[in-house]
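[1] Predicted model and sequence below, questions to follow.
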Amino acid sequence: MRLILLGPPGAGKGTQAQRLVKKYGIVQLSTGDMLRAAVAAGSPIGLRAKDIMARGELVPDDVVVAIVADRVDQPDARKGFILDGFPRTVPQAVALDRMLSAKGLKLDAVIELKVDATILHKRIATRVAEAAARGGALRPDDKPEILRTRIEAYREQTAPLVDYYRLQGALKAVDGMAPIAEVEGAIDGALAGLPKRAARKKTAPKPPVAKRKASAKVADKKPTRRRPARVSAARGSGRKEASRGRSTLRTTKSRGG
């Protein structure tokens, strides 16, 4: 199962991603985590990303796609993955499609968690109030000004992905404002309706070259046809009668008959 979850900050993507990871035995791939892992590993693409980040520049799409390409090749991603934080733009989505196609892979679905921005702000405000009442720590995106900035960035950069994947027929829209249990059920229903991947056909191993040649020689030989016993016997009797006739004729002639 290869999935993308779309939705603005606070839509509940993290909650649903964790549940899907457990249900399908797949991995959640975060762009930030993959970048840090590539840098720590000292891979060629990781070193390139490190130099770019050291200069305070944004990591270009081709580098991010290369890092994602390396990550999906790892054993734990063979059963599938959920992409978190990528793609963010239509050009990144196009590059992702090309990369997966080159590997003979494709996305199974793109789940959009549809939310109302006004209600979303109220939801975050309620979460902040509840956390404050418990004395708990606030998340960075729980601050109203930061949330507003991130939602605006989503509208400008990431929202066009909805139309991109809808045109591909991969988009599955779910009401993200519903209770968590209902959102889970809607996502499960959308994924249950996906066509199953065709299993790879196993081909029987070819016999050794020597055996193939021997079989070809046998096939080239024309089979010999045996005459039926009755036909052979009849023909033998015919020959005997003809021989007797010729003998009688010679005897008659010798007698002057």
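    Good, I have the coordinates. Residues are numbered from 1 along each chain as shown.
[2] quick one, strands of the protein?
    Applying DSSP state E to the chain gives strands spanning 2-6, 27-30, 81-84, 109-114, 171-175.
[3] Same list (these) but as TSV, adding distance to Ala131 and mean pLDDT.
    C-beta coordinates here come from the backbone N, C-alpha and C atoms, glycine included. Formatted as TSV, the strands of the chain follow (distance: least, CB to CB, whole Å; pLDDT from 0 to 100):
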stretch	distance to Ala131	mean pLDDT
strand 2-6	23	94
strand 27-30	23	91
strand 81-84	23	91
strand 109-114	22	94
strand 171-175	25	94
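[4] which residues touch Ala17?
    5, 28, 82, 84 (CB atoms under 8 Å, 6 or more residues apart in numbering).
[5] Bridge partners for the third one, pull those for me.
    With DSSP bridges applied, Ile82 shows beta-bridge pairing to Leu3, Gln28.
[6] how many neighbours does it have?
    22 (other CB atoms under 10 Å).
[7] thinking again about what came up before, so can I have CSV of the strands of the chain showing distance to Leu120?
    CSV is the format used below for the strands of the chain (distance: least, CB to CB, whole Å):
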stretch, distance to Leu120
strand 2-6, 14
strand 27-30, 22
strand 81-84, 19
strand 109-114, 10
strand 171-175, 13
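[8] any idea how far Ala170 lies from Tyr164?
    9 Å (CB to CB, to the nearest Å).
[9] what does Ser101 give?
    For Ser101, the distance to Tyr164 - CB to CB - is 15 Å.
[10] And those two? Which one has more around it.
    Tyr164 (17 against 10).
[11] Would you confirm that that one contacts Val90?
    Yes - using CB atoms under 8 Å, Tyr164 makes contact with Val90 at a distance of 5.2 Å.
[12] right, and the strands of the chain - which one's nearest Gln157?
    strand 2-6 (11.7 Å; CB to CB).
[13] and the closest one with strand 171-175, angle?
    Interaxial angle, strand 2-6 versus strand 171-175 (axes from the mean of the first three to the mean of the last three CA atoms, to 10 degrees): 50 degrees.
[14] related to what we said a few turns ago, which one, of the strands of the chain, ends up nearest to Val65?
    Short answer: strand 81-84, nearest of the strands of the chain by CB to CB, at 11.4 Å.
[15] Now do the end-to-end distance for stretch 134-154.
    30 Å (CA to CA, to the nearest Å).
[16] And stretch 22-34, by the same measure?
    Using CA to CA, first and last residues of stretch 22-34 are 20 Å apart.
[17] Go ahead and flag the most central residue of this structure.
    Against the mean C-alpha coordinate of the chain, by CA atoms, centre = their mean, the closest residue is Leu105 at 4.1 Å.
[18] Could you chop this structure up by domain?
    Domains of the chain are assigned by automatic domain parsing as 2-192, 209-254.
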